[in-house]
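Colleague: the sequence and its predicted three-dimensional model are supplied below.
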Amino acid sequence: MHQDELLQRITTRPDVFGGKPIIRDLRISVELVLSLLAQGESYDEILDDYPGMDQADINACLAYAHAVIAHDRIDRIAVAG
């Protein structure tokens, strides 16, 4: 999946987590997923704990982190609400 397609899975809502980026409006923050990965959790463990997610959602979190660090444009992130 292309980075732009992955980034479309990330949304922000001012009323959810103070506007932090979340996955497909699931109320699962990008920050949480990145933290779990940094702690050594596997994709399978994360997906078992959060059944509404799929592998592309985790990849979307990584794509978002890359875009932020690389100072890429992230204007494709949908703002809801």
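Modeller: Here it is on my side, so go on.
Colleague: now do the strands in the protein.
Modeller: Counting by DSSP state E, one finds strands in the chain at the ranges 10-12, 21-23, 78-79.
Colleague: pLDDT on the second one, on average?
Modeller: Translated: strand 21-23. For strand 21-23, mean pLDDT is 97.
Colleague: quick check: buried residues in the helix ranked longest in the chain?
Modeller: The longest helix of the chain (DSSP state H) is helix 55-69. For helix 55-69, the neighbour count (16 or more other CB atoms under 10 Å) marks D57, I58, N59, A60, C61, A63, Y64, A65, A67 as buried. All C-beta spots, glycine's among them, are computed from the backbone N, C-alpha and C.
Colleague: what's the spacing between it and its chain's center?
Modeller: The chain centre lies 6 Å from the centre of helix 55-69; the measure is CA atoms, centre = their mean, to the nearest Å.
Colleague: likewise for stretch 29-45?
Modeller: Mean-position distance between stretch 29-45 and its chain equals 10 Å (CA atoms, centre = their mean).
Colleague: stretch 35-53 too?
Modeller: With CA atoms, centre = their mean as the basis, stretch 35-53 stands 12 Å off its chain's centre.
Colleague: contacts for that stretch, please.
Modeller: Outside stretch 35-53, the residues that touch it by CB atoms under 8 Å, 6 or more residues apart in numbering are I23, L26, I28, V33, D54, Q55, I58, C61, L62.
Colleague: next: stretch 20-33.
Modeller: Residues from elsewhere that reach stretch 20-33, judged by CB under 8 Å, 6+ apart: 9-13, 16-17, 46, 50, 52-53, 57-58, 60-61, 64-65, 77, 80.
Colleague: so, low pLDDT: which residues of this structure?
Modeller: In the predicted model of the chain, residues 72-81 satisfy pLDDT under 70.
Colleague: repeat the analysis, applying 90 as the threshold.
Modeller: Scanning the chain for pLDDT under 90 picks out the ranges 1-4, 25, 69-81.
Colleague: how about the strands of the chain in TSV, adding distance to H71 and mean neighbour count?
Modeller: Output for the strands of the chain, formatted as TSV (distance: least, CB to CB, whole Å; neighbours: other CB atoms under 10 Å):
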stretch	distance to H71	mean neighbour count
strand 10-12	17	20
strand 21-23	16	23
strand 78-79	20	12
